[in-house]
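Chemist: no sequence on this one, just coordinates:
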């Protein structure tokens, strides 16, 4: 449990975004991060042994002793769940440690825990005790919160194949273990990639001079560009040299990340076999059975109309970008112009600047990282009635990591802690994501961590890091996931037994992105790196007006990725990398309107489909429909309403994964969700 220790902290001054240093007693999180492989292995051994002890104890409960306390509670907090600090301590460092041996050991720990969890769900004797308890008079009188966990535990056993004969169960376990191993290897290839391209400075014409200088090899004068986001995005958006953009795109989609394409083919074949063993025709049917959508057919019914409505606007976007390319290259109207995949980001950025007065580079100067981070936290504190306090003296895995404790602003009780680890480094998780490290249980409060790859201050000059506006949106979005994790109420909430459906989990954070598009939100988040001024009204209004520029093409890309996900997890999944390539070559132009370059396949690095998002990528659009409805109904009139914020906290975030999300939404909205607000907010209606 969290300990109360004296620590140096930063306390936000009332009503302001600045911080003031002080020394006060602060409750510290429980973690003691391993520094050796042996320490990780010791935690793994302890979790494995304690899991077995708990399972055996539940299995031995006599009929006369069946109760929620003897049967259900032990399974809600079993050692391999994140209610146990050792799980996080053992496996989390795979994503962020600077020590490759620790990363490898932590990755192995994660694989072990996944196998332990899967094996635990095959215990007939434990299942029998849960089944027996579910028929007792006490079980019939449980609160809805408690009853949720009884049903979730039973469903977990039954979806794990307990209806199968012993031979089929063995086969199922082997398939699950193989899929876990394949996904782990895929993830390692992503994290360990060291691809670096070298360019002459003139090959990067259009990229900022400071950005080029930061990456220049003093010995050769060449500019070194990796496949990390802070490198690849400026090139694709700003570099005027088409061949440079093509080379970088090809490196990412044709050459990098080892045998990941083969691993995708292997993984989807394994999942298809798992689904069939459990009585489902496809992995898509198995995966969606517990989600809001319910089936792949319902998803297609959802995606089809969106595609039809977005296509006309997307075609206009393509024509606009082709015309812009023609003008940029000085070509006549008679000369044929092709919009290549590596042209889209560049000419979309140029379109915003030329036609709508939005210059991404000029905008960056108004979003210094430190100010965006502090202001984002201040907005969340005001909106959700919270108080964040930074703990300066704590155990952490890297010197750049920051730790905060969160309290309810009115009642003062602790809600949890969160870590921020914002900058790229070798071996670190390469995208932006929230990791839920510890869950609420018996006085223990949740701990979350945000891993990002936002630019760091210039190591040579010390100049503050500047963010693009979409970086601000990403940070605001990911921080929303932290709030969801910390504000879910009730012991055991948000664990494996009480997760939000995968097609809803993005909705709360997507709704909060709207604050980055309101006039007041943009004024507060912006502060010029040199003058300290907020965004000028002319620039601010231009950004808001241009929000939906290119939205048709952007939506078709999301629809393409969602369809690709459903196809590879459908009735006839591609059997090898060649068939995966053929599928991408067909679907990309068919849906996104952009031809796929020869040999390019984004499945090499599309990590979503090799983790819990498999057959779930559609959930981003599904959740956006819900998020747009929530914002328009409750916040559009006054985005900073504390009353609406508390209603959102209690009616949407607090339930976590317990109960039916559709019911919680209907309470919050006062009616069932509709698509109208989403289509209107995207400029499609």
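Modeler: Received the coordinates, thanks. Predicted model, so just to flag it, every value in this text is computed and none were measured.
Chemist: I'd like the average pLDDT over stretch 295-314.
Modeler: On average, the pLDDT along stretch 295-314 is 93.
Chemist: Now tell me what touches that stretch from outside.
Modeler: Residues outside stretch 295-314 that contact it (Cβ atoms under 8 Å, 6 or more residues apart in numbering) are 282, 284-285, 288-289, 293, 551-553, 555-556, 559, 562-563, 566, 570, 591, 593, 615, 618, 621-622, 679, 683-684. Every C-beta, even on glycine, is put in place using the N, C-alpha and C of the backbone.
Chemist: which of those are buried?
Modeler: 282, 284-285, 288, 293, 551-553, 555-556, 559, 562-563, 566, 570, 591, 593, 615, 618, 621-622, 679, 684 (16 or more other Cβ atoms under 10 Å).
Chemist: In helices, which of those residues fall?
Modeler: 284-285, 288, 551-553, 555-556, 559, 562-563, 566, 621-622, 679 (DSSP state H).
Chemist: Residue 240: which of these is nearest?
Modeler: Closest to residue 240 out of these is residue 553 (20.8 Å), distances taken as Cβ to Cβ.
Chemist: which one is the closest one nearest to, not counting chain neighbours?
Modeler: Nearest non-adjacent residue to residue 553, counting by Cβ to Cβ, 6 or more residues apart in numbering: residue 317, 4.0 Å away.
Chemist: Can you point out the buried residues in the helix or strand encompassing that neighbour?
Modeler: Per DSSP states H and E: residue 317 is located in helix 296-329. Using 16+ other Cβ under 10 Å as the test for burial, helix 296-329 gives 296, 299-300, 302-303, 306-307, 309-311, 313-314, 317-318, 320-322, 324-325, 328.
Chemist: can you give me the helices for the stretch 501-650 of the chain?
Modeler: 507-512, 519-525, 537-545, 551-568, 577-587, 619-634, 642-648 (DSSP state H, counting those that start in this stretch).
Chemist: contacts for the last one?
Modeler: Okay, so that is helix 642-648. Contacts for helix 642-648 (Cβ under 8 Å, 6+ apart): 382-385, 630, 634-635, 638, 668.
Chemist: can you check the third one too?
Modeler: Helix 537-545 is contacted from outside by 356-358, 362-363, 366, 469, 517, 519, 522-523, 526, 535, using Cβ under 8 Å, 6+ apart.
Chemist: I'd like to know which of the residues you listed are buried.
Modeler: Applying 16+ other Cβ under 10 Å to those flags 358, 363, 366, 469, 517, 522, 526, 535 as buried.
Chemist: what's the farthest-apart pair in those?
Modeler: 366 and 517 (14.7 Å).
Chemist: Give me the mean pLDDT for the helix or strand where residue 474 lies.
Modeler: Here residue 474 sits within helix 469-487, counting by DSSP H and E. What helix 469-487 shows for mean pLDDT is 96.
Chemist: Ok, stretch 635-645 next?
Modeler: Computed over stretch 635-645, the average pLDDT equals 95.
Chemist: do the same with stretch 35-48
Modeler: pLDDT averaged over stretch 35-48 gives 98.
Chemist: do the same with stretch 317-326
Modeler: 97.
Chemist: now do stretch 400-418
Modeler: The model assigns stretch 400-418 a mean pLDDT of 96.
Chemist: which residues sit against that stretch?
Modeler: Contacts of stretch 400-418 (Cβ under 8 Å, 6+ apart): 2, 26-27, 29, 377, 381, 385-391, 394, 396, 419-423, 440, 445-450, 456, 482, 485-487.
Chemist: Which of these fall in helices?
Modeler: Reading helices off the contacts of stretch 400-418 with DSSP H, I get 377, 381, 482, 485-487.
Chemist: Tell me which two of these sit farthest apart.
Modeler: 381 and 485 (16.2 Å).
Chemist: ok, the two, which is more surrounded?
Modeler: residue 485 (26 against 18; other Cβ atoms under 10 Å).
Chemist: Surely that one and residue 445 touch.
Modeler: No: at 10.5 Å, residue 485 does not count as touching residue 445 under the criterion of Cβ atoms under 8 Å.
Chemist: Does residue 406 lie in a helix or a strand, and which?
Modeler: Applying DSSP H and E, one finds residue 406 within strand 402-408.
Chemist: OK, contacts around residue 589?
Modeler: Taking Cβ under 8 Å, 6+ apart as the test, what residue 589 contacts is 595-596.
Chemist: What residues sit buried inside the helix holding residue 474?
Modeler: For helix 469-487, by 16+ other Cβ under 10 Å, it's 469, 471-487.
Chemist: Repeat that for stretch 367-376.
Modeler: Neighbour-count burial for stretch 367-376 [16+ other Cβ under 10 Å]: 367-369, 371-376.
Chemist: and of those, the nearest to residue 352?
Modeler: Among the buried residues of stretch 367-376, and counting by Cβ to Cβ, the member closest to residue 352 is residue 367, at 15.7 Å.
Chemist: Excluding chain neighbours, what is closest to the closest one?
Modeler: Closest to residue 367 by Cβ to Cβ, 6+ apart is residue 467, at 4.3 Å.
Chemist: how close does that neighbour sit to residue 421?
Modeler: Distance, residue 467 to residue 421, using Cβ to Cβ, to the nearest Å: 16 Å.
Chemist: Centre-most residue in this structure?
Modeler: Residue closest to the average C-alpha location in the chain (Cα atoms, centre = their mean): residue 433, at 4.2 Å.
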